[in-house]
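**Q** just need the structure, nothing else, for what follows:
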Amino acid sequence: MSEKKQVFGYILDQFGVLHAEGSPENKVVEIRKCPSGHINKTFFIHVFNRDYVLQALNPNVYISSAAVMHNLEKITALFPGQPGENGSASETEPRIDVPHFLTVNGQNYLELAGECWRMYPYVPEAKDTSKTPYQVGYAYGRYICMLNAGKPELEKTVDGYHDFAAYHNKFMAVTKDNSFETITTFRSKLDAIFTADMPKRYIHGDAKADNVILQADGICTLLDLDTTMRHFVALDYGDMVRSVTTGVPDTKVLDVIRLVTAGFANGLNGILTNAEIDSLFYGILWVTWELAVRYLTDCYATNRYFVNMTVEQCRERVGQLIGQSEEFSRIKEQIKMIIEAEFVKYTN
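**A** Predicted structure coming up:
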């Protein structure tokens, strides 16, 4: 047996999956590396008739891998996975859940040779039913609502994440070029809107449509909770709108935004202040420009973040994101009208 297989065998044995069926015939039949993603090392594990996700957290991204897992333990406790506990269970408003991690000696991770490993049962997407923008919006809104009701004490796990000023400063440092006035002007606009008076709440932090899995039983499971943090709710809204409208024809963009906004407002159930509601549109521009700046930085940086992409691919992604931002700005008033119409239903 190779050293690599021995390591995987040890890890799986520690998590207790090798004999989960109570039979010595229950053996690892497949270990497959996830081809996508650039943060953690991720593997799909098939053991007898069960599927799992095995990950090693990236120590270069997180301040402390243990802190990430301690946060997830507190978050998971708010989602006990019992019917009726986590919100609605209807065709449009699903029950919300999160991954439930396997444990080793009572903790939800395994430290091995300087790496932090975690494992959870694979969450399959429904084959016959696609999730709707409304369900994506509802899932993230409900997640925010439940976290802020539960008030878990979470540790900071990532430095500078969703800090537009930090990304801008890094970009300026690698280019040493002051000609990018559009970015500087936009940064000033964000500073004027998102002041110290704007409330911060626990948000998902990576609210892409791909991180919502609609299961066959109608449950929506939210993945990639590592960036859950206290920040502006507008950022989760912006990430949702950016992701669900990617590739959507211009004639359908407002319809999709209306659906995701309606779901988000319903899931939040009236917890936002008027100032937060007014800021939601600018969250769309924030996350879109933030991503553009990060990809643009990698066009110049020696130590690049998006290591799986070439400079040419980064430039192409920058163009796509700027194009999206320009489209959002063009239909700004229509989007703001949609936000107002959907959130007024939940104001007292």
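**Q** buried ones in the helix or strand that contains residue 13?
**A** In this assignment (DSSP states H and E), residue 13 forms part of helix 3-14. Burial within helix 3-14, assessed by neighbour count using 16 or more other Cβ atoms under 10 Å, is assigned to 8, 11, 12, 14. From N, CA and C alone the C-beta is placed, and that goes for glycine too.
**Q** relative to residue 185, which of the residues you listed is nearest.
**A** The shortest gap between residue 185 and any of the buried residues of helix 3-14 belongs to residue 11, at 49.6 Å (Cβ to Cβ).
**Q** tell me the SS of the residue nearest to the closest one when sequence neighbours are not counted?
**A** Leaving aside its sequence neighbours, residue 11 sits nearest to residue 117 (Cβ to Cβ, 6 or more residues apart in numbering; 5.6 Å). Per DSSP: H, G, I helix; E, B strand; the rest coil, the local secondary structure of residue 117 is strand.
**Q** correct me, but residue 117 touches residue 52?
**A** No. Using Cβ atoms under 8 Å, residue 117 makes no contact with residue 52, being 11.6 Å away.
**Q** quick one: which of those two has more around it?
**A** residue 117 (25 against 18; other Cβ atoms under 10 Å).
**Q** which residues touch residue 295?
**A** Neighbouring residues of residue 295 by Cβ atoms under 8 Å, 6 or more residues apart in numbering: 306, 309, 314, 315, 317, 318, 321.
**Q** how about residue 152?
**A** Residues near residue 152 by Cβ under 8 Å, 6+ apart: 71, 74, 75, 77, 78, 202.
**Q** any residues touching the strand or helix carrying residue 168, and which ones?
**A** For residue 168, the host element (DSSP H and E) is helix 164-175. Identification of contacts with helix 164-175 by Cβ under 8 Å, 6+ apart yields 160, 178, 180, 183-184, 187, 190-191, 286, 289-290, 293-294, 296-297, 300-302.
**Q** re earlier: between the contacts of residue 152, which is nearest residue 264?
**A** Distances from residue 264 to these, taken by Cβ to Cβ, are shortest for residue 202, at 15.1 Å.
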